[in-house]
Structure formats: structure tokens, C-alpha cells
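J.: What shape does this take:
(2 chains)
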Amino acid sequence: QKEVEQNSGPLSVPEGAIASLNCTYSDRGSQSFFWYRQYSGKSPELIMSIYSNGDKEDGRFTAQLNKASQYVSLLIRDSQPSDSATYLCALNLDSSYKLIFGSGTRLLVRP
Amino acid sequence: SAVISQKPSRDICQRGTSLTIQCQVDSQVTMMFWYRQQPGQSLTLIATANQGSEATYESGFVIDKFPISRPNLTFSTLTVSNMSPEDSSIYLCSVGYMNTEAFFGQGTRLTVV
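T.: Just a heads-up that it's a prediction; the model follows:
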């Protein structure tokens, strides 16, 4: 079983809709969780971090963490074509900066 | 967050040669890492670059193939040695900044022919 699992997609949503991206993980000792956005040919860009159960909102983005169920999700409200990218879920196990990445979900926002 | 500069941004190299990638940060950082992203794949951690001591390598990566230097708290290099086409990847420098958040340089796209 992979440590971090994501649906590869593509997830296709119309402009203005809510995009929901999901990630599950296997190690209950995971401490911190991150969502990165990666445009084609570019490096990953950190968009959200979440450390405790519940929701964390930042602009159009909401990260949700449920440690009991071992999943973390990212909601993007009012999706824009510029949100089209691959979204990488990442976590670390031991409060270090070493990250374990999922394979990423490709999001396509249709104009 | 820190400004992380990597160079070269891309290179095409002959098999059997070596390439050294540089990572420069605009402020002192404790933690620096090197990742690899193979075509169509996600990121895999190669090693932690330790200042003043040998790097700590992840399973599947060895010092002879990927020697790393970290002479100070703002600079690191990764060398990809004796390259083969399988080494064609994007290599990314990462720094740990605060609250365990990590940020990436712009990456080095390596093609081995």
C-alpha cells in the first residue's frame, strides 16, 4: 500500500464550480499535511498546510483533515481555468521537513 | 518564504558524464533537501543535505551516484554522476522554512542522451 494515495484524474469541473481533491494516507503517525500545486513544467508551489483535525480556509481554498479516517482533502471554490494543474498531497511523519508525496491529481477547469 | 535559486534550469548531457546542480537560498535555512521527479511521476526524496557533514540518503539512493555538498546554511550542490538515460528527470532543491513547511526551487530539467 502506498503511503499517500491520490486519484490521478483528470478531474474535470466547469468554471465557477467547486473542485474537490482527496488524499488518503496509511501512517497514523503522520504529523503535518500539505497541498502543493504544480503547473506543467514548473516546480511545486505550496498552497495549504494543515496540522489538526477540521477545516482550514485560505481564500478560495479549504483544506480538511480527518486523522481518524486518515484522509485530507482540498476544496477549491469558484474554480478558474488558471487552477488547472496537478495537485500534490504531501505529508511528513516526524515533524521534519522531509515530505512524502502522493502521485498527484490533475485538475482541469473548463471555461 | 525564502527565495530559492537553482541552476542550471535545464541541461542535456551525454551518458557517462556528470552534472552538478546548484541551489542557493537567500537566507540561512536549517534543512535542505534534494528531490527527483521522473517523467509523469511524483516527487521522491533523494537525500537531506546536512551542513558540514555527509548527506543522509533515502533508500535506493547512494552517495557515489548522487554526491551532495552543503558547505554553509545557504548553499548546496547535487551531482548526478555517470549519467544514463534513466537519470533523465527534474531535480528539485527544497528548504524547510517554518512550521515544517517546505518550499522548492524552480528545478533542473535533466535530459541524458
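
J.: Is stretch B:87-103 positioned near chain A?
T.: Yes. Residues of stretch B:87-103 are located near chain A by C-beta under 8 Å from any C-beta of the partner chain, namely B:I90, B:L92, B:S94, B:V95, B:G96, B:N99, B:T100, B:E101, B:A102, B:F103. The C-beta positions use only the backbone N, C-alpha and C, and glycine is treated the same way.

J.: Out of those residues, which two sit at the greatest distance?
T.: Largest separation among those by C-beta to C-beta: B:I90 and B:N99, giving 25.8 Å.

J.: More neighbours: which of the two?
T.: A side-by-side neighbour count of B:I90 and B:N99, using other C-beta atoms under 10 Å in any protein chain shown, places B:I90 first with 20 against 10.

J.: how far away is that one from B:G105?
T.: Taking C-beta to C-beta, to the nearest Å as the measure, B:I90 falls 10 Å from B:G105.

J.: Now list whatever residues contact both of those two.
T.: Contact criterion C-beta atoms under 8 Å, 6 or more residues apart in numbering or on different chains; residues shared by B:I90 and B:G105: A:S43.

J.: which residues of chain B score low on pLDDT?
T.: Within chain B, the segments meeting pLDDT under 70 span B:1, B:98-99.

J.: Give me the spatial nearest neighbour of the residue of chain B found nearest chain A, chain neighbours excluded.
T.: As assessed by C-beta to the nearest C-beta, chain A sits closest to B:G96 within chain B, at 2.8 Å. The shortest distance from B:G96 to any non-neighbouring residue, by C-beta to C-beta, 6 or more residues apart in numbering or on different chains, is to A:Y97 (2.8 Å).

J.: ok, now which ones touch the residue lying closest to A:S103 once chain neighbours are set aside?
T.: Nearest non-adjacent residue to A:S103, counting by C-beta to C-beta, 6+ apart: B:S42, 4.7 Å away. By C-beta under 8 Å, 6+ apart, B:S42 lies in contact with A:L88, A:F101, A:G102, A:S103, A:G104.

J.: ditto for B:A47
T.: Going by C-beta under 8 Å, 6+ apart, B:A47 touches B:F33, B:W34, B:A55, B:T56, B:Y57, B:E58, B:F61, B:F66, B:I68.

J.: and after the helix or strand harbouring it, which helix or strand comes next?
T.: Assigned by DSSP states H and E, B:A47 falls within strand B:43-49. Using DSSP H and E, the helix or strand that follows strand B:43-49 towards the C-terminus is strand B:56-57.
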